[in-house]
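Student: sharing a model that was predicted from the sequence below.
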Amino acid sequence: MKQTLFTLEPQYREKVWGGRRLRREGAPVGEVWAAFEGSVAGGGQTVGRLVEEYGAELLGAQTQARFGRRFPVLVKLLDCADWLSVQVHPDDEQAARMVGRGETGKSEAWHFLEVSEGARIIAGVRAGTTQADLRRAIREGRVGEVARALEVRAGQTLYIPAGTLHALGPGLLLYEVQQASDTTYRVYDWDRPADAGRELHVEEAAAVTDADLNPEPVLVEISPGTPAPLVRCPFFDLDALRLGGALRADTEGLRFHVVTTTAGAVSVRRGGESLTLGRYETALVAGAAGAYEINPLEDDSSVLIASPPSSDNHAAS
């Protein structure tokens, strides 16, 4: 590959629950799809097309060996001005059986960037709720009686394995990394009209929601100049960097990196290549890049780096 650094164009998704922090003009935006197979990279090509053309050079040798010739993660930014639907996602086996062969499940992680006072999420179910209780509540439209609400704060991270009942509440701006799937089973939508694309999936949700999955948000200390591991799971890794100066990163030829600036601005450099990322902008670093540098352009610049999982996490899948 002659080029290994790619600035990715954001794709804005208007949502009934969206706000105006990600785009001030036009209709409220709920999601920015920052990195996925359909992202437009340098030269107007999509990431999916680059994967087809370069394979392991783009993905990294380890990623292609594990996931084949596909881009296995999706990175988003979300601005929540209202409650999102209460929902659940299937795991890989359930998705292949219930959706179709070749479909994957959807485990995800949230990293909270801005949190209004008292903002809450739903993550799992209340203590003492059995699997039978949960299924009955889903089928009878009473999921609010068993759902577990939690207050969160900026800087926390929450890993949400497939099968977890969950929802985001108003007052949240967050980063999300997930498996490259959009299969969602909606349990409850706060009595909003069931218009196109927002129907409920009661039986599917009852089949895949797991009452034993009750994840807790964690707060990881992020020291300047030292990468902080936020998530390690079978489907992706997520690291946070607070830049006190130039920081060296390395794909090692094994896996790609998705770099998103969450504060300030940075430059990303590798050999004769360089690009600049402002706040909430994203770049793709190809697996073939190897060693590269991230340099702060403003004080207190920070980035998140998502990547396919390291080999140490493969056994967990």
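Tutor: Thanks, I have the structure now.
Student: quick one: Thr157 is in a helix?
Tutor: No - counting by DSSP: H, G, I helix; E, B strand; the rest coil, Thr157 is not part of a helix but strand.
Student: and Gly48, how many neighbours?
Tutor: Neighbour count for Gly48, taken as other CB atoms under 10 Å: 16. Using the backbone N, CA and C atoms, a C-beta is placed for each residue, glycine as well.
Student: my error: substitute Asp210 in the last question.
Tutor: 17.
Student: list the residues that contact it.
Tutor: Neighbour list for Asp210: Gln131, Gly163, Thr164 [criterion: CB atoms under 8 Å, 6 or more residues apart in numbering].
Student: where do the strands sit along the stretch 1-150 of the chain?
Tutor: 5-8, 11-19, 29-35, 73-80, 86-88, 108-115, 120-125, 147-151 (DSSP state E, counting those that start in this stretch).
Student: what's the last one in contact with?
Tutor: Looking back up the chat, that one is strand 147-151. With CB under 8 Å, 6+ apart, strand 147-151 has contacts from 86, 118-127, 165, 167, 169, 214, 216-217.
Student: follow-up on the earlier one: got TSV for the strands of the stretch 1-150 of the chain, with mean neighbour count too?
Tutor: Listed next are those as TSV, based on neighbours: other CB atoms under 10 Å:
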stretch	mean neighbour count
strand 5-8	21
strand 11-19	17
strand 29-35	22
strand 73-80	24
strand 86-88	23
strand 108-115	21
strand 120-125	23
strand 147-151	16
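Student: between the ones you listed, which one is closest to Leu238.
Tutor: Checking those against Leu238 by CB to CB gives strand 108-115 as the closest, at 5.8 Å.
Student: and the angle for the closest one with strand 120-125?
Tutor: Counting by axes from the mean of the first three to the mean of the last three CA atoms, to 10 degrees, strand 108-115 points 150 degrees away from the direction of strand 120-125.
Student: give me the sheet partners of strand 108-115 and which way each runs.
Tutor: strand 156-160 (antiparallel), strand 172-179 (antiparallel) (DSSP bridges).
Student: report the angle between that strand and strand 73-80.
Tutor: 30 degrees.
Student: residues contacting strand 108-115, please?
Tutor: By CB under 8 Å, 6+ apart, the residues outside strand 108-115 that reach it are 21, 89, 121, 152-160, 168, 171-179, 217, 230-231, 233, 236, 238, 240, 262, 304.
Student: send the alpha carbons of that strand over as PDB?
Tutor: Provided in PDB are the C-alpha atoms of strand 108-115 (Å, rounded to 0.1, in the frame of the first residue of the first chain):
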ATOM      1  CA  GLU A 108     -20.600  -3.000  22.100                       C
ATOM      2  CA  ALA A 109     -18.900  -0.500  24.400                       C
ATOM      3  CA  TRP A 110     -19.800   3.000  25.500                       C
ATOM      4  CA  HIS A 111     -17.300   5.700  26.600                       C
ATOM      5  CA  PHE A 112     -19.000   8.700  28.000                       C
ATOM      6  CA  LEU A 113     -17.600  12.100  26.800                       C
ATOM      7  CA  GLU A 114     -20.200  14.600  28.200                       C
ATOM      8  CA  VAL A 115     -22.800  13.800  30.800                       C
END
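Student: that older thread, write the PyMOL selection for whichever of the contacts of strand 108-115 are buried.
Tutor: Here is the PyMOL selection string for the buried members of those, based on 16 or more other CB atoms under 10 Å:
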select buried, resi 21+89+121+152+155+156+157+158+159+160+168+171+172+173+174+175+176+177+178+179+217+230+231+233+236+238+240+262+304
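Student: export the strands paired with strand 108-115 as a markdown table, with columns for mean pLDDT and distance to Arg69.
Tutor: Putting the strands paired with strand 108-115 into a markdown table (pLDDT from 0 to 100; distance: least, CB to CB, whole Å) gives the following:
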| stretch | mean pLDDT | distance to Arg69 |
| --- | --- | --- |
| strand 156-160 | 98 | 27 |
| strand 172-179 | 98 | 16 |
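Student: tell me which of the ones you listed lies nearest to Ser267.
Tutor: Nearest of these (CB to CB): strand 172-179, 20.4 Å.
Student: show me what Val88 bridges to in the sheet.
Tutor: Beta-bridge partners, per DSSP bridges, of Val88: Tyr185.
Student: for the chain, which residues score under the pLDDT cut-off?
Tutor: Scanning the chain for pLDDT under 70 picks out 194-197, 312-317.
Student: now the helices: where do they sit in the chain?
Tutor: In the chain, the helices defined using DSSP state H lie at 47-54, 56-59, 61-67, 92-98, 131-139, 202-208.
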